[in-house]
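Build me a structure from this.
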Amino acid sequence: MNFFEFLIEHLGKFIGYTAFANFTIGHLIMIIIGLTFIYLAIKKEFEPMLLVPIGFGILIGNIPFWGAEHILPTDPQNLQIGVYQQGSVLNYLYFGVRYGVYPPLIFLGIGAMTDFSALISNPKLILIGAAAQLGIFGAYTAALTLGFSAAEAGAIGIIGGADGPTAIFLSSKLAPDLMGAIAVSAYSYMALVPVIQPPIMKLLTNSKERLIRMKPPRIVSKTEKILFPIIGLLLTCFIVPSGLPLLGMLFFGNLLKESTVTKRLADTAKGPMIDIVTILIGLTVGASTQATTFLTPKSVGIFALGAFSFMIATFGGVMFCKILNLFLKDGNKINPLIGNAGVSAVPDSARVSQVIGLEYDKTNHLLMHAMGPNVAGVIGSAIAAGILLSFLY
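Here you go, the predicted structure:
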């Protein structure tokens, strides 16, 4: 073999190992989706803490390489760099997603940064958070109708709670093969809260209802704040023990915050720890969306069902406020514009309530009231996940 033939042969092998030789139209579609996520995060500021890691993870996951089609490669010559390939760094990082390790840690951080005062001062607002879970069970029914298995339908339905960590936790148990599509769908709709919810809120309310003024929340004592996570844990987990990994960490984080004697632990949980876990969960979930495994009819169906469930959840929260007002006296009525906040996209859905409320009355601030059903939605989605897990796992 002369030098020219040697060069041609090895140049051909080199080209065969590049991403260009393994590139497909599916990879191009996913890269465009990843770039769109990054654009929405940076330009529109739609959940940048989530969409930047997920979007960049999609780019990482869709740079094709030789051997990427082997989920569990046995050939030692295959490059072990993909998120699905045992022994790769991404695969080790993906462990926390695949086995549901990251979501409870995020719930710990959420608990450490959440003030439940609005809910404690007006306990009936928890009913709005419960009503918004209608989207979960509506999507579950729709998924069953479309031919998904009961376990898959349960994992898909949780998207209606607008809670990414809960969606990842439940899908890791019930439908691990669909986890990438479910997680990306859940986080996508969380980011699109300011786009999806306002038209539904305006459609379901009239001009009189939008101007309802609610009584200012009463001042909540420190004792009440300390007792809330303890009582909340015992009450919810005795009813739904399977929700313990999420609810236990949520209430533990809140106790760290409200006790005031563990400030360093609370600061770590709501700061560096949740930031690190958010980076890892976003990047690896994004990297799991490889075109060869992600672009399937089921994935498209999951995105459609996710949108449906999110709209039903918003509908359920707003309509429940209207129904509840039929039984409340004047002065105690609830502005139905806070009903959208029953989904657990904290605090974005509560901010939407505030923005829409100010459109109709510049002095009617709904944010503090909306935070009640908003944090109730976090608890509600975790309870719903526990119920689905206990029946379907």
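
any weak-confidence spans in the protein?
1-3, 5-6, 9-10, 12, 16, 66-80 (pLDDT under 70).

Name the residue closest to the centre of the protein, please.
Gly164 (1.6 Å; C-alpha atoms, centre = their mean).

isn't that residue right next to Ser185, touching?
No. Between Gly164 and Ser185 there is no contact under C-beta atoms under 8 Å: 9.4 Å. For the C-beta atoms, the positions are set from N, CA and C on the backbone; glycine is no exception.

Report the contact partners of the residue nearest to the centre of the chain.
Taking C-beta atoms under 8 Å, 6 or more residues apart in numbering, we find Gly164 in contact with 50, 183, 186-187, 190, 281.

Lys270 - how many residues pack around it?
Using other C-beta atoms under 10 Å, Lys270 is surrounded by 20 other residues.

Next, work out how far apart it and Leu256 are.
9 Å (C-beta to C-beta, to the nearest Å).

Where does Gly87 sit, in terms of helix or strand?
Using DSSP states H and E, Gly87 sits in no helix or strand.

What count of nearby residues applies to Gly248?
So Gly248, with other C-beta under 10 Å, has 19 neighbours.

Tell me the buried residues in the helix or strand where it lies?
Using DSSP H and E, Gly248 sits in helix 244-258. Across helix 244-258, burial judged by 16 or more other C-beta atoms under 10 Å covers 245-258.

Same list, those, but as a markdown table with distance to Gly147 please.
Shown next, in a markdown table, are these (distance: C-beta to C-beta, whole Å):
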| residue | distance to Gly147 |
| --- | --- |
| Pro245 | 30 |
| Leu246 | 29 |
| Leu247 | 32 |
| Gly248 | 35 |
| Met249 | 35 |
| Leu250 | 34 |
| Phe251 | 38 |
| Phe252 | 40 |
| Gly253 | 39 |
| Asn254 | 40 |
| Leu255 | 44 |
| Leu256 | 44 |
| Lys257 | 44 |
| Glu258 | 46 |
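
which one of the residues you listed is nearest Ile159?
Distance ranking of the buried residues of helix 244-258 against Ile159, using C-beta to C-beta, places Leu246 first at 15.7 Å.

check contacts around the closest one.
Counting by C-beta under 8 Å, 6+ apart, Leu246 has contacts 103-104, 107, 165-166, 169, 382, 385-386.

Considering those, which possesses the most neighbours?
Ala385 (33 neighbours).

mind checking the SS state of that one?
helix (DSSP: H, G, I helix; E, B strand; the rest coil).

these two touch, right, it and Ile168?
No. Using C-beta under 8 Å as the test, Ala385 is too far from Ile168 to be in contact (10.3 Å).

anything in contact with each of these two?
Counting by C-beta under 8 Å, 6+ apart, nothing touches both Ala385 and Ile168.

which SS class is Phe46?
Phe46 ends up coil, using three-state DSSP.

Quick check: it vs Phe65, distance?
31 Å.

Same check on Leu388?
37 Å.

One more: Phe327?
62 Å.

Pick out whichever of those two has more residues nearby.
Counted by other C-beta under 10 Å, Phe327 and Phe65 do not tie: Phe65 has more neighbours, with 16 against 8.

nearest to Pro297, of the buried residues of helix 244-258?
In terms of C-beta to C-beta, no member of the buried residues of helix 244-258 lies closer to Pro297 than Leu246, at 30.4 Å.

Not including adjacent chain positions, what is the nearest residue to the closest one?
Counting by C-beta to C-beta, 6 or more residues apart in numbering, Ala382 is the residue found nearest to Leu246 once chain neighbours are left out, at 4.2 Å.

Spell out which helix or strand contains that neighbour, please.
In the assignment (DSSP H and E), Ala382 maps to helix 367-392.

Same question for Pro165.
Following DSSP H and E, one finds Pro165 within helix 164-174.

try Leu203
helix 193-204.

List the buried residues in that helix.
For helix 193-204, the buried set under the neighbour-count rule, 16+ other C-beta under 10 Å, comprises 193-194, 196-198, 200-201, 204.

Report the two of the residues you listed separated the most.
Pro194 and Leu204 (17.1 Å).

which element follows the lengthiest helix in the chain toward the C-terminus?
Longest among the helix segments of the chain by residue count, using DSSP state H, is helix 297-325. Next helix or strand after helix 297-325 toward the C-terminus (DSSP H and E): helix 348-360.

From the chain's centroid, how far away is that following helix?
20 Å (C-alpha atoms, centre = their mean, to the nearest Å).

what sits up against that helix?
Taking contacts as C-beta under 8 Å, 6+ apart, the residues outside helix 348-360 that touch it are 47, 162, 190, 193-194, 197-198, 201-202, 207, 210-211, 335, 337-338, 340-343, 364-367, 369-371, 374, 377.

Over to stretch 196-205?
Looking at what lies outside stretch 196-205 - C-beta under 8 Å, 6+ apart - the contacts are 189, 307, 310-311, 314-315, 318-319, 322, 336-337, 339-340, 349, 352-353, 355-356.

could I get it in PDB with only the CA atoms?
Listed next in PDB are the C-alpha coordinates belonging to stretch 196-205 (Å, rounded to 0.1, in the frame of the first residue of the first chain):
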ATOM      1  CA  ILE A 196     -50.600  29.600  27.500                       C
ATOM      2  CA  GLN A 197     -52.500  30.700  30.600                       C
ATOM      3  CA  PRO A 198     -53.600  34.400  30.000                       C
ATOM      4  CA  PRO A 199     -56.000  33.600  27.000                       C
ATOM      5  CA  ILE A 200     -57.700  30.900  29.100                       C
ATOM      6  CA  MET A 201     -58.000  33.100  32.100                       C
ATOM      7  CA  LYS A 202     -59.600  36.000  30.100                       C
ATOM      8  CA  LEU A 203     -62.000  33.600  28.300                       C
ATOM      9  CA  LEU A 204     -63.300  32.100  31.500                       C
ATOM     10  CA  THR A 205     -63.800  35.300  33.500                       C
END
